[in-house]
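**Q** structure, please.
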Amino acid sequence: MTSPQRQLNFDVFGDAKPVLPNELSEFRAPLFGSYVPAGFPSPAMDLREESLDLNELCIQNPSTTYYVRASGESMTGVGIHDGDVLVVDRSIRAVDGNIVVAALNGDFTVKVLRTSPELVLEPRNDAFSNIEIGSSDDFDVFGVVTFVIHSTF
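**A** Numbering: from 1, shown residues only. Below is the predicted model:
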């Protein structure tokens, strides 16, 4: 038997401070016109086409976007590691398969949202188990993770 889908509450973090447009500092770095191959370097790499502001790339809705820092190893299978910065957008309606930041019984977590056949938070590391959400659980979605920022060293 399929359990009914629950309405996800996006207002639980209404008091959290969003990234406001006037608070975003602009820093434009050169953006080269060609992709970087993972093999041999391209002679076209010297051609600069434009500049790129990471705020423009990562933040589509400044008034509903938050940064949070990931903790733990449960999402390493999708490239989210301990200490990474997650860009989270509250304006995106979470659907099955989205990576979300959620509050479950007062604790924050980042997991893949599964809404069918049951409401489940799914880790992306085989060392961790799915978290089933019961009708008595206090569960809210903080937002959808749109970007992950982490250092390579």
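
**Q** below-threshold pLDDT in the chain: ranges please.
**A** Low-confidence segments of the chain, defined by pLDDT under 70: 1-49.

**Q** which parts of it are strands?
**A** Applying DSSP state E to the chain gives strands spanning 28-32, 48-53, 65-69, 85-89, 99-104, 107-114, 120-122, 131-132, 139-149.

**Q** list the buried residues of the longest one.
**A** Which is strand 139-149. Phe139, Val141, Phe142, Gly143, Val144, Val145, Thr146, Phe147, Val148 (16 or more other CB atoms under 10 Å). In this view, the C-beta of every residue, glycine as well, is placed from N, C-alpha and C.

**Q** what's the closest of those to Leu86?
**A** Val145 (5.0 Å; CB to CB).

**Q** does that closest one touch Val85 like I think?
**A** No: assessed by CB atoms under 8 Å, Val145 is found out of contact with Val85, at 10.5 Å.

**Q** will you turn the strands of the chain into CSV that also has distance to Gly77?
**A** Formatted as CSV, the strands of the chain follow (distance: least, CB to CB, whole Å):
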stretch, distance to Gly77
strand 28-32, 29
strand 48-53, 28
strand 65-69, 19
strand 85-89, 15
strand 99-104, 11
strand 107-114, 9
strand 120-122, 10
strand 131-132, 16
strand 139-149, 12
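
**Q** figure out which of these is closest to Met75.
**A** strand 107-114 (5.8 Å).

**Q** elements contacting the closest one?
**A** Under the contact criterion of 3 or more CB pairs under 8 Å, 6 or more residues apart in numbering; DSSP states H and E, strand 107-114 touches strand 99-104, strand 120-122, strand 139-149.

**Q** buried ones in the second one?
**A** Neighbour counts using 16+ other CB under 10 Å place Val120, Leu121, Glu122 of strand 120-122 among the buried residues.

**Q** neighbouring contacts of that strand?
**A** By CB atoms under 8 Å, 6 or more residues apart in numbering, the surrounding residues in contact with strand 120-122 are Val100, Ala102, Leu104, Thr109, Lys111, Val112, Leu113, Arg114, Asn130, Ile131, Glu132, Ile133.

**Q** do that again at 7 Å, thanks
**A** Strand 120-122 is contacted from outside by Ala102, Thr109, Lys111, Val112, Leu113, Arg114, Asn130, Ile131, Glu132, Ile133, using CB atoms under 7 Å, 6 or more residues apart in numbering.
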